[in-house]
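> return atomic coordinates for the entry below.
(one chain, ligands or ions: 2)
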Amino acid sequence: MYKGQSIAVIIPCLNEEQGVEKVLRSLPEFVDEIIVVDNASTDRTSDVAASLGAKVIREDVRGYGRSYKRGFAGATADLIITLDGDHSYPADALSYLIEAFLHLDVDFLNASRFPVRDRRAMSFKNKFGNLVLSIAFSALFFRWVRDSQSGMWVFRRAILEDMKLESDGMAFSEEIKIEAVRNRKIRFGEISIQYSSRLGETKLNAWRDGFRNLSFLAKKRFFR
Ligand SMILES: Nc1nc2c(ncn2[C@@H]2O[C@H](COP(=O)(O)OP(=O)(O)OP(=O)(O)O)[C@@H](O)[C@H]2O)c(=O)[nH]1
Ligand SMILES: [Mg+2]
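Ligands and ions are numbered 1, 2, ... in the order given. From the prediction side, this is the model:
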C-alpha cells in the first residue's frame, strides 16, 4: 500500500534470469502484488522470480503484448506499475513515480527514458528509432509524447475497462498510450526517469520491431 492505494508491479520476461533477480531485489516493501509473466523462458526466470516471492504466470504463446494482457487479468490492485525484467528501468524509484502520478492527478503516467543520461544505456540506432516513432505518434494523435516506446507506466487498473488493447507484440507499448491519450476520460501525464544498461540479451529486433510499430501507429490511427 502507498498512501491508501494498493500497488501491483507487472514484469514481462523472456529469458531474464539475471535482470529479474535484480529488479525483484530492488522493489520497495510497499508493493502488494508482484506478477512476472514468463513466456516459456528456457532459462531459470520462473524459478528465480518465484523464489523471490513473485507470482509467476506462464503464457505459452510468445509476445510482449500478449504477456501484459495475461498479467493485467491476474492483477487486483488499485494501481498497476510496469517495467522490463532486464533492470534497465529504476525499480527502486517507484515512490517517486507514484508521487508524481498523485501530484499530477492523472490516470496514466508514462515514464520517459529521455533525455538519456547514461550514454551506454541506449544505442544511437535505438535513440533515433525512438525519436522517429515518438514524432510519428505525436503527429498522428495530436499529443506530444516524448517516449512512445517506454515500457514503464503507472496507471489506475480501472481504466483498462475503457481500453481496447489488441497488439500481442512490441507495439503494445505504444497502443496502451494511444488508448490513454485518445480517451477524454483518461488523464495522461509523462515524467522523466533514469534509464540504464540492461542485463542479459536484448529481445528487441530494432529494424523489424521499429517498422512494425510505425505501421501499427498508422493502422491504429486510420482504421481503428
Ligand atoms: N513475456 C514476454 N516477455 C517478453 C517478450 N519479448 C520481450 N519480453 C520482455 O519484455 C521486456 C522488453 O524487452 P527488451 O528486450 O528489454 O526490449 P527493449 O527494452 O526495447 O530493448 P533493450 O534496450 O535491449 O532493453 C523484457 O523484460 C523482455 O524480457 C515476450 O515475447 N514475452
Ligand atoms: Mg528492455
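> residue numbers of this protein in contact with ligand 1?
Within reach of ligand 1 by C-beta under 6 Å from any ligand atom, the chain has these residues: 12-14, 16, 37, 39, 62-64, 67, 84-86, 88, 151, 198, 202-204. All C-beta spots, glycine's among them, are computed from the backbone N, C-alpha and C.
> repeat the analysis, applying 8 Å as the threshold.
Contact residues, the chain versus ligand 1 (C-beta under 8 Å from any ligand atom): 11-16, 19-20, 37-39, 41, 59, 62-64, 66-67, 83-86, 88, 121-123, 126, 149, 151, 169-170, 198, 200-204, 209.
> can you check the pLDDT for the closest residue to ligand 2 within the chain?
The minimum distance from the chain to ligand 2, using C-beta to the ion, falls at Asp84 (3.8 Å). Looking at Asp84, its pLDDT stands at 98.
> element containing Val181, please.
Secondary structure from DSSP states H and E places Val181 in helix 172-182.
> could you verify that Asp84 is part of a helix?
No - if the criterion is DSSP: H, G, I helix; E, B strand; the rest coil, then Asp84 is coil and not within a helix.
> quick one, phi psi at the closest residue to it other than its chain neighbours?
For Asp84, ignoring the flanking residues on the chain, the nearest one in space by C-beta to C-beta, 6 or more residues apart in numbering is Gly151 at 5.0 Å. Per-residue torsions, Gly151: phi -100, psi 10 (degrees, to the nearest 10).
> and Gly151, what does it touch?
Thr82, Leu83, Asp84, Tyr89, Ser173 (C-beta atoms under 8 Å, 6 or more residues apart in numbering).
> just Ala121 next, same as before
Each residue near Ala121 by C-beta under 8 Å, 6+ apart is listed here: Ser88, Arg113, Tyr195, Ser196, Ser197.
> ok, the third one - how many residues close by?
To tie it back to what came earlier, the one meant is Tyr195. Tyr195 is flanked by 22 other residues according to other C-beta atoms under 10 Å.
> contacts for whichever helix or strand comes after the helix holding Val181?
Counting by DSSP H and E, the next helix or strand C-terminal to helix 172-182 is strand 188-192. Here strand 188-192 makes contact (C-beta under 8 Å, 6+ apart) with 97, 100-101, 104, 106-115, 143, 145-147, 177, 180-181.
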